[in-house]
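In: here is a sequence with its predicted model. Questions after.
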Amino acid sequence: MKIDIKEMGFGYTATPVLKGINLAIGGNQLVSILGPNGVGKSTLIHCINKILSPKEGVVLLNDVDVSEITIKDLAKEIGYVPYSTTTSFPLSVVDTVLMGRHPHSKWKTTDEDLQKVYETLDLLGIEHLAMRSFNQLSAGQHQKVMLARGLVQEPKVLLLDEPTANLDIKHQMEVARIMRDLAHEKGITVIMISHDINIAATYSDNVILMYEGSIFAVGTPHEVITKENIKKVYGVESEVVDFRGKPHLVLIDEKLKNLELPKDSYVSMRAQETAAR
């Protein structure tokens, strides 16, 4: 599956959110979209999956304008997992994931649909949650279930809006690793928006860096994540070091260098009283 974006622009009002976007994305890889808040990252993927219609330019999926593809047919090719901190489904995990089979379903759930659901739950290591209520799960479990719902669409492209947001470090790493493995082993293109530069650098094959509604840089993590680019796009000083063959960002805040801990500051653990009463 190949995505071609040519001279695309979008704006909610007269002020453009995106301008002059030119991208070509394809192959079995994990691509991260980086950039400050408000630069149009979510708007970009919404234009790819037809949630929004570009005001100018075109988005092509295998050389076909997405505007000419029906929503149901597009959903067979592109899966989408939105960003949400308040997602709620009063359903079991199985029923929640089954919602992703809608593009392929007819009048009722088939044995094939259920088989796909359980295969996907097993792939993500959450088959034991199948009959649990979605609303009783942890944030990390929620994220895996939503990822499963996108995967059972059997898409050739999977779009993810901040899939590691609000997760602890372990779950951030686990979700990012799963996405990279899925891209490489299942032969799909995974495109994720991320605010964690080091997670993106560690797990992504390629990176798109956005700035002021445009594409600032595209390439491998080493090519894009440089201290010069971070300074220009984010306005902060940093050092980028090589760690196990991947760039790692270390932020520098010059205003903190001379600060000293107040003399009366402390943190201590109060000893528990163990004597028998």
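Out: Yes, it's here. Residues are numbered from 1 along each chain as shown.
In: residue ranges with poor pLDDT in the stretch 151-277 of the chain?
Out: Scanning the stretch 151-277 of the chain for pLDDT under 70 picks out 257-259, 271-277.
In: now the strands for it?
Out: Taking DSSP state E, counting those that start in this stretch as the test, the strands found in the stretch 151-277 of the chain are 157-161, 189-193, 206-211, 214-219, 237-243, 246-252.
In: where does the stretch 1-150 of the chain have low pLDDT?
Out: The stretch 1-150 of the chain contains residues with pLDDT under 70 at 84-87, 106-107.
In: just to revisit the earlier point, got TSV for the strands of the stretch 151-277 of the chain, with mean neighbour count and distance to M131 too?
Out: Yep, even glycine has a C-beta here, placed from its N, CA and C like the rest. Output for the strands of the stretch 151-277 of the chain, formatted as TSV (neighbours: other CB atoms under 10 Å; distance: least, CB to CB, whole Å):
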stretch	mean neighbour count	distance to M131
strand 157-161	23	26
strand 189-193	25	28
strand 206-211	22	39
strand 214-219	17	44
strand 237-243	13	42
strand 246-252	15	39
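In: redo these as TSV? Include distance to S268.
Out: As requested, the strands of the stretch 151-277 of the chain are exported to TSV (distance: least, CB to CB, whole Å):
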stretch	distance to S268
strand 157-161	42
strand 189-193	41
strand 206-211	43
strand 214-219	47
strand 237-243	34
strand 246-252	29
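In: show me the contacts for M131.
Out: By CB atoms under 8 Å, 6 or more residues apart in numbering, the contact set of M131 is S92, V93, V94.
In: just T164 next, same as before
Out: Contacts for T164 (CB under 8 Å, 6+ apart) come out as Q143, H171, Q172, V175, A176, S194, D196, I199.
In: quick one: those residues as TSV, columns for neighbour count and distance to L61 too.
Out: Output for the contacts of T164, formatted as TSV (neighbours: other CB atoms under 10 Å; distance: CB to CB, whole Å):
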residue	neighbour count	distance to L61
Q143	27	26
H171	17	31
Q172	21	30
V175	22	26
A176	23	25
S194	25	23
D196	19	28
I199	21	27
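In: and which of those residues is nearest to I252?
Out: Nearest to I252 among these is D196, at 17.9 Å by CB to CB.
In: that closest one and M173 touch, don't they?
Out: No: in this structure D196 lies outside contact range of M173 using CB atoms under 8 Å: 10.1 Å.
In: not counting sequence-adjacent ones, nearest residue to the most centrally placed residue in the chain?
Out: Computing the C-alpha centroid of the chain and ranking residues by CA atoms, centre = their mean puts M192 first, at 3.1 Å. In this structure, M192 finds its nearest non-sequential neighbour in L160, 4.0 Å apart by CB to CB, 6 or more residues apart in numbering.
In: how about I25?
Out: Leaving aside its sequence neighbours, I25 sits nearest to I3 (CB to CB, 6+ apart; 4.5 Å).
In: now, the contacts of T164 that are in helices?
Out: Per DSSP state H, helices hold the following members of the contacts of T164: Q143, H171, Q172, V175, A176, I199.
In: I'd like those residues as JSON lines, with distance to I71 appended.
Out: As requested, the ones in helices among the contacts of T164 are arranged in JSON lines below (distance: CB to CB, whole Å):
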{"residue": "Q143", "distance to I71": "25"}
{"residue": "H171", "distance to I71": "31"}
{"residue": "Q172", "distance to I71": "31"}
{"residue": "V175", "distance to I71": "27"}
{"residue": "A176", "distance to I71": "29"}
{"residue": "I199", "distance to I71": "31"}
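In: looking at the residues you listed, which is nearest P262?
Out: Among the ones in helices among the contacts of T164, Q172 lies closest to P262 (CB to CB), at 32.8 Å.
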